[in-house]
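Novice: coordinates only, sequence not included:
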């Protein structure tokens, strides 16, 4: 049975992902997906995409705004662009998307089914029903605007869809996983993300089974007019209704900056220490790269955790924004030279692994293994100090935001003094 994992508050952000970042997100998301499939199989990639904390961390390590609703659209878009050319190799197909793209999902599934041999018509029906459940059976005030359906050649699938509430300036993301799913209307979500607002009518919860049955009985015996009269009588007596048990809730804050309390600092220190210890052993050539070699090893260590980490390690998605920054400049500008090196190293490792040479992928995995060993005793700079250093050196790494290129600190100060 699929399991509901929790909820999260997602600030609703507008705007578009710049092309320079979208292209890199596509390349990095693709090689990370390939690495997960290589190590653990394609069904494991589906499980990870169905985990809300991992999904947010995945987007953050790719340079998106670490806390925003925009991660959903950009990650689904990056995977669709990157994995589509690899469909025959990986057996993974990404359908749907935002707005009009979401309406094409049933047609895409039917066409893929005809090519690879699964029942595309049945999955198209599943796609429609999943969207209907989250828009009608879960009456939480959020209107769906994005529907991503990722399916394997075996017919296993994950759905990631998102709704918005303009009045609250919030978004809610819903995750569905076909693995172990026995009913679309009996606790089928892998997770629901979004801040609870008032009473939420959730008729998909297994505890609502009796309610669903009685609603059908009432409709058959009383009819719509009779139900309206009964409801008026109940409201007149102000009969309280039992509340649903609360779900675990991850509250992604509205503030753009990454603060110390957004990051589990011992894990950050473990990552930095692992990069310092394993880097000279496993990546000696990389360290010779002027200026960015050691910095890239630190980024690789965080990417390695997203590929290999256990679910409990993603409670602080803000930490993964410290790998490649964010397009809005928080926690610091996206270091394009580091980003490109990360992609190059990972792509080389994946390509060699296809030829049976796993040494590079194994070296990246050792970064994650070492970080877990060191995090209990490692020490290092505070989160504020770490971010300040990254900002100060951002221009050395080709730092860029939606507003432009990073400049040396003295140049920024001079510019401010002239205003």
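Specialist: Great, that's in hand. This is a predicted model, so every value here is computed, not measured. Numbering: from 1, shown residues only.
Novice: low-confidence ranges, the stretch 101-250 of the chain, go.
Specialist: In the prediction, the stretch 101-250 of the chain carries residues with pLDDT under 70 at positions 136-139, 180-250.
Novice: let's see 80
Specialist: Screening the stretch 101-250 of the chain residue by residue with the criterion pLDDT under 80, one finds the ranges 133-141, 179-250.
Novice: now do the stretch 251-400 of the chain
Specialist: 251, 291.
Novice: quick one: contacts for residue 37?
Specialist: Contact partners of residue 37, counting by Cβ atoms under 8 Å, 6 or more residues apart in numbering, are 44-45, 90, 92. For the C-beta atoms, the positions are set from N, CA and C on the backbone; glycine is no exception.
Novice: neighbours of the nearest residue to residue 382 once chain neighbours are set aside, how many?
Specialist: With Cβ to Cβ, 6 or more residues apart in numbering as the measure, residue 260 is the residue that lies nearest to residue 382, at 6.6 Å, once sequence neighbours are left out. Residue 260 sits with 13 neighbouring residues when counted by other Cβ atoms under 10 Å.
Novice: starting at the chain centroid, how far to stretch 284-294?
Specialist: With Cα atoms, centre = their mean, to the nearest Å as the basis, stretch 284-294 stands 30 Å off its chain's centre.
Novice: list the buried residues for that stretch?
Specialist: In terms of neighbour count (16 or more other Cβ atoms under 10 Å), stretch 284-294 has its buried residues at 286, 292-293.
Novice: would you turn these into CSV with distance to residue 408?
Specialist: Output for the buried residues of stretch 284-294, formatted as CSV (distance: Cβ to Cβ, whole Å):
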residue, distance to residue 408
286, 25
292, 16
293, 21
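Novice: as CSV, these with distance to residue 333 and secondary structure would be great.
Specialist: Rendered in CSV, the data for these read as follows (distance: Cβ to Cβ, whole Å; DSSP: H, G, I helix; E, B strand; the rest coil):
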residue, distance to residue 333, secondary structure
286, 22, helix
292, 14, coil
293, 19, helix
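Novice: looking at these, which is nearest residue 174?
Specialist: residue 292 (38.7 Å; Cβ to Cβ).
Novice: how near is that closest one to residue 392?
Specialist: Using Cβ to Cβ, to the nearest Å, we find residue 292 at a distance of 15 Å from residue 392.
Novice: residue 304 now?
Specialist: When residue 304 is compared with residue 392 (using Cβ to Cβ), they lie 26 Å apart.
Novice: higher neighbour count, those two?
Specialist: Neighbours per residue, other Cβ under 10 Å: of residue 304 and residue 392, the larger number sits with residue 304, 28 against 14.
Novice: which residues in the stretch 51-200 of the chain form helices?
Specialist: Assigned helices in the stretch 51-200 of the chain, in chain order: 52-61, 70-83, 87-90, 100-103, 105-116, 120-132 (criterion: DSSP state H, counting those that start in this stretch).
Novice: got the buried residues for stretch 335-349?
Specialist: Counting neighbours by 16+ other Cβ under 10 Å, stretch 335-349 gives 335-343, 345-347, 349 as buried.
Novice: just the ones in strands from those residues, please.
Specialist: Mapping the buried residues of stretch 335-349 onto strands (DSSP state E) picks out residue 335.
Novice: ok, back up a step: name the member of the contacts of residue 37 with the most neighbours.
Specialist: residue 45 (23 neighbours).
Novice: what pLDDT does it get?
Specialist: Among the per-residue scores, residue 45 holds a pLDDT of 93.
Novice: which residues in this structure form strands?
Specialist: For the chain, the strands identified by DSSP E occupy 7-11, 92-98, 138-139, 143-152, 157-165, 170-177, 189-193, 201-202, 249-251, 334-335, 399-401, 404-405, in order along the chain.
Novice: how close does residue 296 get to residue 37?
Specialist: To residue 37, residue 296 is 23 Å away according to Cβ to Cβ.
Novice: typo on my end, residue 12
Specialist: Here residue 12 is placed at a distance of 32 Å from residue 37 (Cβ to Cβ).
Novice: and if you look at residue 311?
Specialist: Residue 311 sits 18 Å away from residue 37, going by Cβ to Cβ.
Novice: residues in contact with the nearest residue to residue 370 once chain neighbours are set aside?
Specialist: Sequence neighbours aside, residue 274 is the residue nearest to residue 370 in space, at 3.8 Å (criterion: Cβ to Cβ, 6+ apart). With contact set as Cβ under 8 Å, 6+ apart, residue 274 has these partners: 301, 367-368, 370-371, 373-374.
Novice: quick one: buried ones out of these?
Specialist: Looks like the contacts of residue 274 have 301, 367-368, 370-371, 374 buried, using 16+ other Cβ under 10 Å.
Novice: now, which of these sits nearest residue 152?
Specialist: Within the buried ones among the contacts of residue 274, proximity to residue 152 (Cβ to Cβ) peaks at residue 368, which comes in at 25.0 Å.
Novice: the closest one contacts residue 306, correct?
Specialist: No: the pair formed by residue 368 and residue 306 falls short of the contact definition of Cβ atoms under 8 Å, at 9.0 Å.
Novice: the longest helix along the chain: which residues count as buried?
Specialist: Using DSSP state H to assign secondary structure, the helix with the most residues in the chain is helix 19-40. Neighbour counts over helix 19-40 (16+ other Cβ under 10 Å) mark 21-22, 24-38 as buried.
Novice: from the chain's centroid, how far away is it?
Specialist: Taking the mean C-alpha point of helix 19-40 and that of its whole chain, the gap between them comes to 13 Å (Cα atoms, centre = their mean).
Novice: good, wrapping up.
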